[in-house]
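**Q** can you look at this prediction? I've put the sequence above it.
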Amino acid sequence: MQSPRSFYTTPQGLATAARVAAAMRRIWPMLGGLSVLGVGDASACLAHLGDAGTRRLAASILSGPSAGGRADAVPLCVADECSLPFCDGAFDRLVLVHALRARTNPLPVLREASRVMKDDGRLLLAIPSRLAGRTRLRGTPFAADTAWTRGGIRQALAAAMLRPERWDEALFLPVWPGAGAGPVFGAVASLFTRLGGMSSMRGLSVDRVGRLVCPGAAGVILVEAVRDVYCARPVASGTGRRWLSRVVMPAHGAAREHTRDDTPHGLNTLP
């Protein structure tokens, strides 16, 4: 499978980044004058966000030219997602794309992202859906990422003291460059146009029609989160610890029985 850096320079990669970025712009339509940091391999999506007044920077563990087809689209620095070289509260917005790639424990990445985010900042996470998301995203870097459910995302964010605010989705169907809404979604869009007289339905993309026809079945889940220190939840203990506690801790009433057994035979006790 291609690396994310090389994939997003291909026609399929450019189309994939454009569709994911379109969903991001629905959540963040205005980013003028804000500083945005992309963690993971988010430079291809960052190229579609904001305007000339947006300060954009991408941090990735891979070195090389910036993805997105333009070498100067987004400045890139080489950094570890778990140890970003920025001070606390340095950015207004954070975009995480392929940042949780094959990670069994996402907390170090999420907590480090929360550290460099301002108190009123917002984080946007793009991850594949467990509902056959990686199967439909075969051939893209999302297929190698860890798939999540919405419940699992909420638990991981709560453990990192983050609270989800808004949800969206993208990539309902595999991306083919130059393909429009496809025959199925195109027919549905035409049907809505004839029944409701909505001429704007003709210009709907695959993802827009997918949100109307089958919401919650997209290949990529997008969640916007904010910092919330009161939503932290303790990590559930495993069954092994509960079994060990039953072995170590005595049963109820064992202390009194042990005291009676230790009484010397023949010793007169007070009435």
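**A** Sure, I can see it. This structure is a prediction, so every number in the text was calculated from the model and none was measured.

**Q** now do the phi/psi pair for C77.
**A** Note on C77: backbone dihedrals following degrees, to the nearest 10 are phi -130, psi 150.

**Q** what about it, neighbour count?
**A** 13 (other CB atoms under 10 Å). For glycine as for every other residue, the C-beta is placed from the backbone atoms N, C-alpha and C.

**Q** give me the distance between the closest residue to it other than its chain neighbours and G133.
**A** Nearest non-adjacent residue to C77, counting by CB to CB, 6 or more residues apart in numbering: A59, 5.5 Å away. From A59 across to G133, the span is 25 Å (CB to CB, to the nearest Å).

**Q** swap in F86?
**A** 31 Å.

**Q** likewise G33?
**A** Taking CB to CB, one finds G33 at 34 Å from G133.

**Q** more neighbours: which of these two?
**A** A count of neighbours by other CB under 10 Å puts G133 above the other of G33 and G133, at 23 against 11.

**Q** got a list of what the more buried one touches?
**A** Contacts for G133 (CB atoms under 8 Å, 6 or more residues apart in numbering) come out as F142, A147, A218, G219, V220, I221.

**Q** among those residues, name the ones in strands.
**A** V220, I221 (DSSP state E).

**Q** pLDDT below threshold where in the protein?
**A** For the chain, applying pLDDT under 70 flags the ranges 1-2, 62-72, 134, 176-205, 231-271.

**Q** ranges for the helices of it?
**A** For the chain, the helices defined by DSSP state H cover 4-7, 11-27, 43-46, 107-115, 133-136, 150-159, 182-196, 206-213, 239-248, 254-261.

**Q** surely L37 is in contact with F86?
**A** Yes: in this structure L37 lies within contact range of F86 using CB atoms under 8 Å: 7.4 Å.

**Q** pull up the overlap in contacts between these two.
**A** V116.

**Q** in terms of neighbours, single out the busier of these two.
**A** L37 (27 against 16).
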